[in-house]
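J.: Here you go, sequence then predicted model.
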Amino acid sequence: EAQVTQNPRYLITVTGKKLTVTCSQNMNHEYMSWYRQDPGLGLRQIYYSMNVEVTDKGDVPEGYKVSRKEKRNFPLILESPSPNQTSLYFCASSPSGRPAETQYFGPGTRLLVL
Amino acid sequence: GENVEQHPSTLSVQEGDSAVIKCTYSDSASNYFPWYKQELGKGPQLIIDIRSNVGEKKDQRIAVTLNKTAKHFSLHITETQPEDSAVYFCAARGQGGKLIFGQGTELSVKP
């Protein structure tokens, strides 16, 4: 089944404890992206990647890192999480290298930072 | 900067009625306008999109209209059903190709 998977789906952590949220797609998509969803703010892009080894900042990149060593994986890294990073996170992928063709979203990761 | 405003934030309708969600964008160079539906506990899913060379597009009970002059576009759902209950997001692709999302509308269809 063609899909975007994220792990974990739920995560509770404490301030400063490094964490990684994994994202994987099995559709051979070139473009991948991370968003955070907050009430009243919609979806805001954190980072995106047009292809392997190519990443760039979105609108809210502070406090996050990403890497794209393989086409299918695009992990999101929080080196030192803070409470303001408590949010619902979505990974998305798109067939072409252009960012705004149809995006396929993962199921989301709900993160609570205490 | 580029911005998309979406209204209303919540919408409640009776089953069988129509629902309309409106979005306004700021970047006049925007040329692609998708709508996503997010069901509870799931990621957003594309339901319909429209490009700037078209004024209206319809797919069964859903339709999208675009007014480039006024820089706004709308989602219309007719004959609403309980399974239409979800959060809906509009988006606009601006300069540089980035998708900017609206704030979302929580639609509730009461049986």
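T.: Arrived safely, thanks for sending.

J.: do you know how far residue A:74 is from chain B?
T.: Look at residue A:74 and chain B: by Cβ to the nearest Cβ, to the nearest Å, they are 14 Å apart. Placement of C-beta: from N, CA and C, glycine included.

J.: hang on, that residue packs against residue A:66?
T.: Yes: shown here, residue A:74 and residue A:66 form a contact pair, counting by Cβ atoms under 8 Å, at 6.3 Å.

J.: Spit out the residues that contact those two alike.
T.: Taking Cβ atoms under 8 Å, 6 or more residues apart in numbering or on different chains as the criterion, residue A:74 and residue A:66 both touch A:34, A:49.

J.: ok, those two, which is more surrounded?
T.: residue A:74 (29 against 21; other Cβ atoms under 10 Å in any protein chain shown).

J.: which residue packs closest to the more buried one, ignoring adjacent ones?
T.: The shortest distance from residue A:74 to any non-neighbouring residue, by Cβ to Cβ, 6 or more residues apart in numbering or on different chains, is to residue A:32 (4.1 Å).

J.: Name the residues that touch the helix or strand harbouring residue B:50?
T.: Counting by DSSP states H and E, the element that carries residue B:50 is strand B:45-51. The contact list for strand B:45-51, computed with Cβ under 8 Å, 6+ apart, reads A:102-103, A:105, B:31-39, B:56-57, B:59, B:62-66, B:73, B:75.

J.: Can you name the element that comes right after it?
T.: Next helix or strand after strand B:45-51 toward the C-terminus (DSSP H and E): strand B:56-59.

J.: List the neighbouring strands of that next one plus their orientation.
T.: strand B:62-67 (antiparallel) (DSSP bridges).

J.: the inter-axis angle of the strand it pairs with versus strand B:45-51?
T.: Going by axes from the mean of the first three to the mean of the last three Cα atoms, to 10 degrees, strand B:62-67 is angled at 40 degrees with respect to strand B:45-51.

J.: which outside residues touch strand B:62-67?
T.: B:33, B:35, B:47-50, B:52, B:54-58, B:72-78.

J.: Mind listing the strands the helix or strand of chain B with the lowest mean pLDDT pairs with, and their directions?
T.: Lowest by mean pLDDT, DSSP states H and E among the helices and strands of chain B is strand B:99-101, with a mean of 90. Each strand that pairs with strand B:99-101, with its direction, by DSSP bridges: strand B:86-93 (antiparallel).

J.: and the strand it pairs with, which residues are buried?
T.: B:86-93 (16 or more other Cβ atoms under 10 Å in any protein chain shown).

J.: Equivalent analysis for stretch A:76-88, please.
T.: Buried, per 16+ other Cβ under 10 Å, within stretch A:76-88: A:76, A:78, A:81, A:85-87.

J.: Any idea what residue A:44 is bridged to?
T.: Beta-bridge partners, per DSSP bridges, of residue A:44: residue A:36.

J.: Could you tell me which residues make contact with it?
T.: Neighbouring residues of residue A:44 by Cβ under 8 Å, 6+ apart: A:35-38, A:58-60, B:101.

J.: let's see it at 6 Å
T.: Residue A:44 sits next to A:36, A:59-60 when contact means Cβ atoms under 6 Å, 6 or more residues apart in numbering or on different chains.

J.: Now list the buried members of those.
T.: A:36, A:60.

J.: Lowest-confidence entry in the contacts of residue A:44?
T.: The lowest pLDDT within the contacts of residue A:44 belongs to residue A:59, with 90.

J.: in terms of contact, does that residue touch residue A:45 like I think?
T.: Yes: using Cβ atoms under 6 Å, residue A:59 is in contact with residue A:45, at 5.2 Å.
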